[in-house]
Every structure is written in structure tokens, then in C-alpha cells.
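[1] Show me how the following folds:
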Amino acid sequence: MEWEVSLDGLHAFAIQFWQAAGNAKVFAFHGEMGAGKTTTIAALCKAKGVVESPSSPTFSVINEYGYNEAGVSKSLYHIDLYRLKDEADISSTGVEDCIYSGAVCFVEWPEKAPYLFDSEACHVVIRGLSETSRQVSVFSHEEFAAFSLEEQL
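    Numbering: from 1, shown residues only. The predicted structure follows:
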């Protein structure tokens, strides 16, 4: 799946994304610094029904948000691996617990811990097209593995 998304079209994109996502729970977000990963994730959170204002978890590593689905309270995790140095760092923060919890997880900088993403993970690649427009591509784990990240960015 692929979309060209403008800043003012983020909400419409987010609705389409969730319709296309099916039962996927873990989303690995790839893109250069400033590509729009956090902005895109914030739009996806809002479309899912998160009431809080999503923000970057760069320093907290994990932000947890709540939303309701069919009258059931659920959690959604926004994880940023950018500042983590190694597997011990990642393990000590509880990232793995979130990813394997069955909750929706958005993970920025997944290349820091590729071992966390199994065949069920979706990979979202964001490329800047202009100051206000991005290309957002979604790959299955197998499709993503067939390309090098440099080719996708």
C-alpha cells in the first residue's frame, strides 16, 4: 500500500490506513530524521480514538495511550528506540513487553532492534516529497525484507 499524504490530508489518510491495516498490531516506522514519523503516528492515534495529544517518546522511550474499541478499553504504545544503545538497553525499558502484549504498537527507529519484529509486523516507510507532503508505504515483513532500507528511503 502506498499513499501520498499532505499535512492537511493526515486525518483522511489515517482513516484509510486503519481500514487497510486489518488485524495488524505492530507497526515499525522507518524514515530519516524529520520525515514525519511522529506526526503520522499522532494522526493514526487520533483516528483510533486516542483522546490525549500524542507526543514523541524520544526521552520517555514508551508512551502509552488509551482508546475504546467496541466499548472495550485498550492500550496503544508509541515507542521510540532512537536513544537506546543495545539489546540490554532495549530489554530494560520494557519495549519487548509492549510489542508482545497484543496491543497496537508503533515503533520508531526499528532498525535499532530488528530482532523484535516477527512476520506479523508491518513496516511503514515515510519519505519526504516536499515540506508539506510525504510518501507513506506499508510493507509486510516479507516484502520489507526483500528490499534494503536504503532503497526504500
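
[2] And for the closest residue to residue 110 other than its chain neighbours, the neighbour number?
    Nearest non-adjacent residue to residue 110, counting by CB to CB, 6 or more residues apart in numbering: residue 28, 3.6 Å away. Where C-beta positions appear, they are placed from N, C-alpha and C, glycine not excepted. Number of residues near residue 28 (other CB atoms under 10 Å) recorded here: 26.

[3] For residue 28, which residues are in contact?
    Going by CB atoms under 8 Å, 6 or more residues apart in numbering, residue 28 touches 107, 110, 117, 121-124, 144.

[4] Look at the spatially closest residue to residue 82 that is not a sequence neighbour and report its pLDDT.
    Spatial nearest neighbour of residue 82, excluding adjacent residues (CB to CB, 6+ apart): residue 109 at 4.5 Å. Per-residue confidence (pLDDT) for residue 109: 95.

[5] cool, residue 24 as well?
    93.

[6] Begin at 45 from now on, thanks
    Understood, numbering begins at 45; the last thing we discussed is residue 68.

[7] tell me the secondary structure for it?
    coil (DSSP: H, G, I helix; E, B strand; the rest coil).

[8] For this protein, give me the ranges with low pLDDT.
    102-103, 192-197 (pLDDT under 70).

[9] Now do the phi/psi pair for the residue sitting nearest the centre point of it.
    Nearest to the mean C-alpha position of the chain, by CA atoms, centre = their mean, lies residue 150 at 3.2 Å. Backbone geometry at residue 150, expressed as degrees, to the nearest 10, gives phi -110, psi 120.
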